[in-house]
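Enquirer: The sequence isn't on hand, but the structure is:
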DNA sequence: CAGGATCCCTACGGATACTG
DNA sequence: CAGTATCCGTAGGGATCCTG
């Protein structure tokens, strides 16, 4: 009948600034904070926020290495990959309609 | 690689207040403005905005009858139905993951 | 009935500066 | 390097009042 809370939350995060881009980037493999920031033109504030949200939702894993200089790696979880595939399904849906016109 | 503009727009609208609810409600058949408002606890401002956005995206058709009192009916398009199905897929994805834990 | 216009409050996100 | 803290502008949405 209605949409589940989890789905709503994921939807909300996906609509935010840079959210899909981060997911697509991580879909190409694990990445570090600065890599993401450089490729996605996101302010550190926003990128950190997106990553934290994804982590809370269980879409992304964060691994910090105790080194100098510090290094942190972000990786998609299985759940994260599913959501990424899901986004591509949305594109297919909309594009197939586009062709019909 | 990245997400299409159309997909981004749809995503953005779907994350707004009451957006999924409106879609689910219309999935049960055509409805009038006041019906939707009563069932969904949305302010008229917000409901009108959602419906206009859906209309622009081609997810909803608006039919106004020149009567007194005026009557307007909203209906899902084929594209709208696909997006609704898509939302249910999202739930399935997240729930199946939930079970795994 | 089906909204538009207005006022107002809140949350998001950019820019910049600063730490562990 | 990988963030957090602060300041601040902009957009979303509630409440209320008004109209075709």
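Expert: Cool, got the structure. Quick caveat, the model's predicted, so the values are computed rather than measured. Numbering: from 1, shown residues only, chains lettered A, B, ... in the order given.

Enquirer: How about the residues of chain A by DNA strand D?
Expert: A:32-35, A:44-45, A:48, A:51-52, A:62, A:69-72, A:74 (Cβ under 7 Å from any atom of the strand). Backbone N, C-alpha and C define where each C-beta goes, glycine included.

Enquirer: again, only this time at 10 Å
Expert: A:12, A:15, A:31-38, A:43-49, A:51-52, A:55, A:62-65, A:67-74 (Cβ under 10 Å from any atom of the strand).

Enquirer: What count of nearby residues applies to residue A:68?
Expert: Residue crowding around residue A:68 was assessed by other Cβ atoms under 10 Å in any protein chain shown; the count is 6.

Enquirer: rewinding a little: please pick the buried ones from the residues of chain A next to DNA strand D.
Expert: A:12, A:15, A:31, A:33, A:36-37, A:46-47, A:49, A:51, A:74 (16 or more other Cβ atoms under 10 Å in any protein chain shown).

Enquirer: List the contacts of the nearest residue to residue A:12 once chain neighbours are set aside.
Expert: Nearest non-adjacent residue to residue A:12, counting by Cβ to Cβ, 6 or more residues apart in numbering or on different chains: residue B:15, 4.8 Å away. Counting by Cβ atoms under 8 Å, 6 or more residues apart in numbering or on different chains, residue B:15 touches A:11-12, A:14-15.

Enquirer: And residue A:65, by the same measure?
Expert: Residue A:65 makes contact with A:71-73, according to Cβ under 8 Å, 6+ apart.

Enquirer: From residue B:5, how far out is the closest residue to chain B within chain A?
Expert: Distance from chain B to each residue of chain A (Cβ to the nearest Cβ) is smallest for residue A:15, at 3.5 Å. In this view, residue A:15 and residue B:5 are 14 Å apart by Cβ to Cβ, to the nearest Å.

Enquirer: Can you give me the buried ones in the longest helix along chain A?
Expert: With secondary structure taken from DSSP state H, chain A has its longest helix at helix A:78-100. For helix A:78-100, burial by neighbour count (16+ other Cβ under 10 Å) applies to A:79-80, A:82-84, A:86-87, A:89-90, A:93-94, A:97.

Enquirer: Can you list phi and psi of the residue nearest the centre of chain A for me?
Expert: Centroid-nearest residue in chain A, with Cα atoms, centre = their mean: residue A:23, separated by 2.8 Å. Residue A:23 adopts backbone torsions of phi -60, psi -40, taken as degrees, to the nearest 10.

Enquirer: can you check residue A:66 too?
Expert: Per-residue torsions, residue A:66: phi -80, psi 80 (degrees, to the nearest 10).

Enquirer: do the one 10 residues further on as well
Expert: Dihedral angles phi and psi of residue A:76 (degrees, to the nearest 10) take the values phi -70, psi 140.

Enquirer: avg pLDDT for stretch A:26-39?
Expert: The pLDDT scores in stretch A:26-39 average 97.
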